[in-house]
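>>> need a 3D model of the following:
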Amino acid sequence: MSPLIVNGRTEKEILKACLKGDRQAQKDMFHLYAEKMMAVCLRYARNHQEAEDMLQDGFIKVFTNMHNFEHAGSFEGWIRRIVVNTAIKYTQKKSFTHEDNSLDYVEDHIDPEALSMLTEAELIKLISELPEGYKVVFNLYAIEGYSHREISELLNIDESTSRSQLLKARRLLQSKVQKLYIVAV
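Numbers count the residues shown, from 1 in each chain. Just a heads-up that it's a prediction; the model follows:
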């Protein structure tokens, strides 16, 4: 894998320059990862503006704490963790603890043909329409790969609540996908 290069500098060179306070290097680092991290923020946010706020707050934390990066894993992974944690804190401020549990769910499995018809953008849109608590748990578990124990610690909820929210999120997504498929056919 070739190193990431922006304006003739590798990620490692940009990181060193950022640590010295080089503004152009900070700008280059932002441009190197902003698009990927915006995609992360969009999965947690209610709208594009909220995602931009999360992204900005996340990168402020990245630049403030860059000296703590220990080179144990990828720098992108380190940034991603900060952005995810920032998004979680942001959504916690919105207080989503009282989710509507009275939704009607389709218990059937999703037709594989229905899934193949969905674009990535459509799937992201469906996820973004989930109630806040469901969306956060679904993103952390299904996309970010956190365990229910880690989610419970991050969100300060019981593991059983994490499992329940994930189950409800999946059922609601199944229902939405089925409805889209029925309309498309």
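>>> got a list of what the one residue sitting closest to the centre of the chain touches?
Compute the mean C-alpha point of the chain, and by Cα atoms, centre = their mean the closest residue is Val40, 3.4 Å away. Contacts for Val40 were tallied using Cβ atoms under 8 Å, 6 or more residues apart in numbering; they are 80, 83-84, 87. The C-beta positions use only the backbone N, C-alpha and C, and glycine is treated the same way.
>>> make JSON lines from those residues and add distance to Leu126, neighbour count and secondary structure to it.
What follows is these, written out as JSON lines (distance: Cβ to Cβ, whole Å; neighbours: other Cβ atoms under 10 Å; DSSP: H, G, I helix; E, B strand; the rest coil):
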{"residue": "Arg80", "distance to Leu126": "22", "neighbour count": "17", "secondary structure": "helix"}
{"residue": "Val83", "distance to Leu126": "22", "neighbour count": "25", "secondary structure": "helix"}
{"residue": "Val84", "distance to Leu126": "20", "neighbour count": "24", "secondary structure": "helix"}
{"residue": "Ala87", "distance to Leu126": "18", "neighbour count": "27", "secondary structure": "helix"}
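>>> can you lay out these as TSV showing pLDDT and distance to Leu180?
Compiled in TSV, the contacts of Val40 are given as follows (pLDDT from 0 to 100; distance: Cβ to Cβ, whole Å):
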residue	pLDDT	distance to Leu180
Arg80	95	29
Val83	96	29
Val84	95	27
Ala87	93	26
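>>> so where does the residue nearest to Leu118 when sequence neighbours are not counted fall, helix or strand?
For Leu118, ignoring the flanking residues on the chain, the nearest one in space by Cβ to Cβ, 6 or more residues apart in numbering is Val177 at 6.7 Å. Using DSSP states H and E, Val177 sits within helix 159-184.
>>> can you give me the buried ones in that helix?
161-162, 164-166, 168-178, 181 (16 or more other Cβ atoms under 10 Å).
>>> before we move on, the earlier item: verify the stated contact: the residue nearest to Leu118 with Glu122.
No: Val177 lies out of contact with Glu122 (Cβ atoms under 8 Å); the separation is 9.0 Å.
>>> alpha carbons only: can I get whichever strand or helix holds Val40 in PDB?
Take DSSP H and E as the rule and Val40 turns out to sit in helix 23-44. Provided in PDB are the C-alpha atoms of helix 23-44 (Å, rounded to 0.1, in the frame of the first residue of the first chain):
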ATOM      1  CA  ARG A  23      -1.200  25.500   9.800                       C
ATOM      2  CA  GLN A  24      -0.800  24.300   6.200                       C
ATOM      3  CA  ALA A  25      -0.100  20.800   7.500                       C
ATOM      4  CA  GLN A  26      -3.200  20.900   9.700                       C
ATOM      5  CA  LYS A  27      -5.200  22.000   6.600                       C
ATOM      6  CA  ASP A  28      -3.700  19.100   4.600                       C
ATOM      7  CA  MET A  29      -4.500  16.600   7.400                       C
ATOM      8  CA  PHE A  30      -8.100  17.800   7.500                       C
ATOM      9  CA  HIS A  31      -8.400  17.400   3.700                       C
ATOM     10  CA  LEU A  32      -6.800  14.000   3.900                       C
ATOM     11  CA  TYR A  33      -9.500  12.600   6.300                       C
ATOM     12  CA  ALA A  34     -12.500  15.000   6.300                       C
ATOM     13  CA  GLU A  35     -14.500  13.100   3.700                       C
ATOM     14  CA  LYS A  36     -14.200   9.800   5.500                       C
ATOM     15  CA  MET A  37     -14.900  11.300   8.900                       C
ATOM     16  CA  MET A  38     -17.900  13.200   7.500                       C
ATOM     17  CA  ALA A  39     -19.400   9.900   6.400                       C
ATOM     18  CA  VAL A  40     -19.000   8.700  10.000                       C
ATOM     19  CA  CYS A  41     -20.600  11.900  11.400                       C
ATOM     20  CA  LEU A  42     -23.500  11.600   8.900                       C
ATOM     21  CA  ARG A  43     -24.400   8.200  10.300                       C
ATOM     22  CA  TYR A  44     -24.900   9.700  13.800                       C
END
